[in-house]
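Trainee: Model the structure of this input:
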Amino acid sequence: MTTSTSLGCCPSCEASGRVGAACHERVCQRNGMHCVPVDYARRALALDPSQREPLVGQYVDDFLVVGRLGRGGFGKVLEALQGPQFRLRAAVKLLEFTNPDARTSRKVLDKFETEAAALAVLQHPNVVRLLKFGRFHDRPFMAMEFIPGARTLQTEIHRLVQERASLPPEVVRHVLDQILNALEAAHAEGIVHRDVKPENVMLQAVVGDPHHVKLVDFGLAKFLDEGNDTSLVLGTVVYMAPEQIEGKNLGPWTDLYAVGAIAFELITGHRAFVGKDNQQVLRLKLSGQYDPVAQLGAGAVEPATAEFLRRILARYPEQRYQSTAAVREALARVFDGERGAPQFSRDLSQLLDSEELDELRRESERLARERDALDADRRALEAAQRRFHSERVRYESQRFGAPEVVEHAAIGDTGVVGVAATPTPAIAPSAAGTPWPTGLQTGLPPQVFAPQVAEEARPARARAAIWALAALVVAGGGVGLAFALGGGSGEASVAVPEERRVAAPEPPAEQPQPA
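Mentor: Numbering: from 1, shown residues only. Next comes the predicted model:
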């Protein structure tokens, strides 16, 4: 964990220093550079100079900028660590206006601070928490809580399109319920979001809930509408209510209209309003004659679902649901009806425009190339492992030589003791075994032992051979004595070398025979 005493380095000159402290180089001091954690500095230095964020290493209020998370129509989002401890990560939204007069407009900045103060008191599990707000070089900024591992609902839709899948009905209901919970808390404080869309719905996997919702960017559209030349450049017109296009009579129903547009997409797999460009979509929204459900075809959705979608996307506010509670009741009728949950479309590709589909196709092709490269590397690694194993077996064979012959004593069917020679079976270098035991064996097969203990088993085998040889000598002497004392020719004898002669035992004394 990064602390104020952690050692970092300057993201510009790589000079070492305490995290958060000013760089000691004069040029960096003039540029306002400070030391950041080493990992963040390396990440920034690894980028092409044209892609680096110039604010990395500088402070926005008491937030030390360490990276850039993204850029949008409102400005950019910076990753920062809050001082003086630098333990809390934050997402700093630095707003930008296209109208140079609005950038320095005292009226807009004052209104921003008033509205941001209202957002600061909004505390809800489904709302991203506002940590701080203010001005940075006459530009408004908002420091929000950082959501690790989060993804937008739009990103989730892209993934589903790529996998040719859709969200299960219970997940759709769960996501919509959480969006309604966040809006209900905001509406209770008199705050209208004005820009509810999949890009502002964050999904985070938490303990017990893989689809926990965090709604972001509350109220930003209001400031951007007043600070830019036109509001049409700000968001996606598909989710904008007709009164928002006209700029009048905004209220909670405006946000609920956007929720209806999202629900329409997740349930049917189609956009509610389809046109060749934004102007045509705007005309459809304002005409009052367009029925988004009718474009799906007869019987495409259940009657309860069709009624819900038509009402929540009605042209005039008074025709729609007026509260989140009313929408929640309507959703219950849709999902808990007599026929159960509605049948969802498994094809969400209609929710992406041509540019998004092209980008998704390019991403799929890139992933396919990387997968093929990984497969080729895997095959090469397996071949190298096979060659290594073959070389190791060859090396072990050369090191320990040919399989040795182990002599052991055995008793045949005639009861005569002899010497049997049995070759030791060849075994793999990894086989486990025990050394050949000394002493005589009675017809048992030789034990298999590992080459690594063969050297240790040699003395035991030598002793076994000596004992076997001694037994052979004794057996030979007994046979010669039998020839000498038996009924055969007295000249017949067994020649025993001098060094192998063994003194024959004295014959037992003759016992008197009974009468």
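Trainee: which stretches of the stretch 1-150 of the chain form strands?
Mentor: Secondary structure of the stretch 1-150 of the chain, counting by DSSP state E, counting those that start in this stretch: strands at 7-9, 16-18, 36-37, 59-60, 63-72, 75-82, 88-95, 130-136, 139-145.
Trainee: With distance to N200 and mean pLDDT added, can I get these in JSON lines?
Mentor: The C-beta positions use only the backbone N, C-alpha and C, and glycine is treated the same way. Output for the strands of the stretch 1-150 of the chain, formatted as JSON lines (distance: least, Cβ to Cβ, whole Å; pLDDT from 0 to 100):
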{"stretch": "strand 7-9", "distance to N200": "33", "mean pLDDT": "91"}
{"stretch": "strand 16-18", "distance to N200": "37", "mean pLDDT": "92"}
{"stretch": "strand 36-37", "distance to N200": "29", "mean pLDDT": "95"}
{"stretch": "strand 59-60", "distance to N200": "22", "mean pLDDT": "96"}
{"stretch": "strand 63-72", "distance to N200": "10", "mean pLDDT": "90"}
{"stretch": "strand 75-82", "distance to N200": "12", "mean pLDDT": "92"}
{"stretch": "strand 88-95", "distance to N200": "12", "mean pLDDT": "91"}
{"stretch": "strand 130-136", "distance to N200": "14", "mean pLDDT": "90"}
{"stretch": "strand 139-145", "distance to N200": "12", "mean pLDDT": "90"}
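Trainee: Just name whatever secondary elements the lengthiest helix in the chain is in contact with.
Mentor: The residue-count maximum for a helix in the chain (DSSP state H) belongs to helix 354-400. In terms of contact count using 3 or more Cβ pairs under 8 Å, 6 or more residues apart in numbering; DSSP states H and E, helix 354-400 is assigned the packing partners helix 153-163.
Trainee: So which other helices or strands are in contact with the helix it packs on?
Mentor: When contacts are defined as 3+ Cβ pairs under 8 Å, 6+ apart, helix 153-163 sits against strand 201-206, helix 354-400.
Trainee: Burial check on E370, number of neighbours?
Mentor: Number of residues near E370 (other Cβ atoms under 10 Å) recorded here: 10.
Trainee: Need the pLDDT of the nearest residue in space to I262 that is not next to it in sequence.
Mentor: Spatially, and ignoring its direct neighbours in sequence, I262 is nearest to P198 (6.4 Å; Cβ to Cβ, 6 or more residues apart in numbering). We have a pLDDT of 93 for P198.
Trainee: With H137 instead?
Mentor: 86.
Trainee: before we move on, what about F344?
Mentor: pLDDT at F344 comes out at 61.
Trainee: And for V128?
Mentor: If you check V128, the pLDDT there is 92.
Trainee: give the contact list for it.
Mentor: By Cβ atoms under 8 Å, 6 or more residues apart in numbering, the contact set of V128 is M144, E145, I147, M202, K214, L215, V216.
Trainee: Of the residues you listed, select the buried ones using a ChimeraX command.
Mentor: Command for ChimeraX that selects the buried part of the contacts of V128, burial taken from 16 or more other Cβ atoms under 10 Å:
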select :144,147,202,214,215,216
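Trainee: which two of the contacts of V128 lie the greatest distance from each other?
Mentor: Longest distance between any two of the contacts of V128 is 12.4 Å, between E145 and L215; criterion Cβ to Cβ.
Trainee: so where does H211 fall, helix or strand?
Mentor: strand 209-215 (DSSP states H and E).
Trainee: So which elements touch that strand?
Mentor: Judged by 3+ Cβ pairs under 8 Å, 6+ apart, the packing partners of strand 209-215 are helix 169-188, strand 201-206.
Trainee: Run the angle between that strand and strand 139-145 for me.
Mentor: Orientation check (axes from the mean of the first three to the mean of the last three Cα atoms, to 10 degrees): strand 209-215 against strand 139-145 gives 160 degrees.
Trainee: Pull strand 209-215 out as CSV, backbone CA atoms only.
Mentor: C-alpha atoms of strand 209-215 as CSV (Å, rounded to 0.1, in the frame of the first residue of the first chain):
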residue,chain,number,x,y,z
ASP,A,209,-23.4,-10.0,-6.2
PRO,A,210,-21.6,-10.2,-9.5
HIS,A,211,-23.8,-7.4,-11.0
HIS,A,212,-23.7,-4.7,-8.4
VAL,A,213,-24.7,-1.3,-10.0
LYS,A,214,-23.0,2.0,-9.4
LEU,A,215,-24.6,5.0,-11.2
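Trainee: and the helix or strand hosting R310, what does it pack onto?
Mentor: Using DSSP H and E, R310 falls within helix 303-312. Contacts defined by 3+ Cβ pairs under 8 Å, 6+ apart place helix 303-312 against helix 252-268, helix 324-335.
Trainee: Between these, which one is closest to A91.
Mentor: Comparing those by Cβ to Cβ, helix 252-268 comes nearest, at 22.1 Å.
Trainee: can you tell me the average pLDDT over the closest one?
Mentor: 94.
Trainee: next SSE after that helix?
Mentor: Later in the chain than helix 252-268, the nearest helix or strand by DSSP H and E is helix 278-287.
Trainee: List the buried residues for that following helix?
Mentor: Result for helix 278-287 [16+ other Cβ under 10 Å]: buried residues V281, L282, L284, K285.
Trainee: Specify which member of these is nearest to E189.
Mentor: The nearest member of those to E189, counting by Cβ to Cβ, is K285 at 28.0 Å.
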